[in-house]
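[1] Coordinates only, no sequence provided:
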């Protein structure tokens, strides 16, 4: 897939003379285009991928999604303060998984916690059952899980089939595992799952309520964090162009994007002028039923979180 992304990006830059290349659902795709963005001086706007290092790969990259350390560090702090002493980590075996595992484990251990086992699962078509069995055998207080958006439903199904929800093992992690658009079909095994994330369809602001209503009307399903990354990315391009008076060269656009602040459906966000990465609230959420439907209900807010991966220790 990254090879294909590189080829398409090259065609867009050379043949179509685009001013911005945006999207990038996964980290390898974002990374492979970075040298092209630098060479052509074209803005690369990352609307989804969450590995910390991405924005360091080109001075023309800005991000409107999130970074995995933002959520993973916050949930490590929460776990250490909430009687969780021993954790097994299960992460997908690619860059974001490594990012999530490293930032969670370092912070959790610094807070006095123990990592009983660190398990990596294949990214493509994973069968979680054997890994869940290994985790259960370690008898942890909680499993820290990171899987990319879309795999959470499979993971939750196998978590319930193995009876881990009944065994008193808590499930914690960044918010991908209880992704909003898949959550309604996940069943009651997911009740009580605690995650840290930058967006919930249940976020109680007026702006988000209007966004969710419009999105559901257009698509017949609930918006998730991916949708918000794209929505805010388009907003950033539009506002940057207003600021430059329509000048769309990479240097003008990226300069306009630095330091920009606005209220998103997820809450207040800004683009860090130093790193060109997103600064945003991270919310602690718990899966609860509201009007018969499952939602990630926010119960604590950590404001203006920068990417911990770039904060020098």
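    Good, I have the coordinates. Only a predicted model underlies this, so the values are computations on that prediction, with no experimental measurement involved.
[2] helices or strands up against the lowest-mean-pLDDT helix or strand in the chain?
    In the chain, the helix or strand scored least confidently by mean pLDDT, DSSP states H and E is helix 152-161, which has a mean of 91. Contacting helix 152-161 under the criterion 3 or more CB pairs under 8 Å, 6 or more residues apart in numbering; DSSP states H and E are the following elements: helix 129-137. Every C-beta, even on glycine, is put in place using the N, C-alpha and C of the backbone.
[3] I'd like to check what contacts the helix it packs on. Which residues are they?
    With contacts defined as CB atoms under 8 Å, 6 or more residues apart in numbering, helix 129-137 is touched by 88, 90, 117, 119, 121, 143, 158-159, 161-162, 164, 167, 169.
[4] Nearest residue to residue 187 in space, please, no chain neighbours.
    Spatial nearest neighbour of residue 187, chain neighbours left out: residue 160 (6.9 Å); criterion: CB to CB, 6 or more residues apart in numbering.
[5] Residue 191 is in contact with that neighbour, correct?
    No. Taking CB atoms under 8 Å as the definition, residue 160 is not a contact partner of residue 191, at 10.6 Å.
[6] Those two: which is more packed in?
    residue 160 (16 against 13; other CB atoms under 10 Å).
[7] Check the gap between that one and residue 125 for me.
    20 Å (CB to CB, to the nearest Å).
[8] the strands in this protein, which residues?
    20-23, 43-46, 61-63, 86-92, 114-121, 142-146, 170-174, 194-197, 261-264, 267-271, 278-290, 293-305 (DSSP state E).
[9] angle of the least confident helix or strand of the chain against strand 114-121?
    Helix 152-161 runs at 120 degrees relative to strand 114-121, counting by axes from the mean of the first three to the mean of the last three CA atoms, to 10 degrees.
[10] Against residue 124, how distant is residue 146?
    Residue 146 is 16 Å from residue 124, by CB to CB.
[11] Comparing those two, which residue is more hemmed in?
    residue 146 (27 against 7).
[12] Return the residues in contact with the nearest residue to the more buried one once chain neighbours are set aside.
    Setting aside the residues directly before and after it, residue 146 is nearest to residue 100 in space (CB to CB, 6+ apart), at 3.9 Å. Contact analysis of residue 100 by CB under 8 Å, 6+ apart lists 68-69, 71-72, 91, 144, 146, 173-174.
[13] cool, and residue 122?
    92-93.
[14] how does it look with 10 Å?
    Applying CB atoms under 10 Å, 6 or more residues apart in numbering to residue 122 gives the contacts 92-94, 131.
[15] And for residue 267?
    Taking CB under 10 Å, 6+ apart as the test, what residue 267 contacts is 198-199, 203, 205, 207-208, 280-283, 298, 301, 303-304.
[16] follow-up on the earlier one: which of the strands of the chain sits closest to residue 230?
    strand 20-23 (7.7 Å; CB to CB).
[17] give me the beta-bridge partners of residue 118?
    With beta bridges defined as DSSP bridges, residue 118 has these partners: residue 89.
[18] Verify the contact between it and residue 89 for me.
    Yes. Between residue 118 and residue 89 there is a contact under CB atoms under 10 Å: 4.8 Å.
[19] Please indicate which of the contacts of helix 129-137 are buried?
    88, 90, 117, 119, 121, 143, 158-159, 162, 164, 169 (16 or more other CB atoms under 10 Å).
[20] Could you give the number of residues near residue 185?
    Residues near residue 185, counting by other CB under 10 Å: 11.
[21] list the contacts for it?
    With CB under 10 Å, 6+ apart, residue 185 has these contacts: 153, 156-157, 294.
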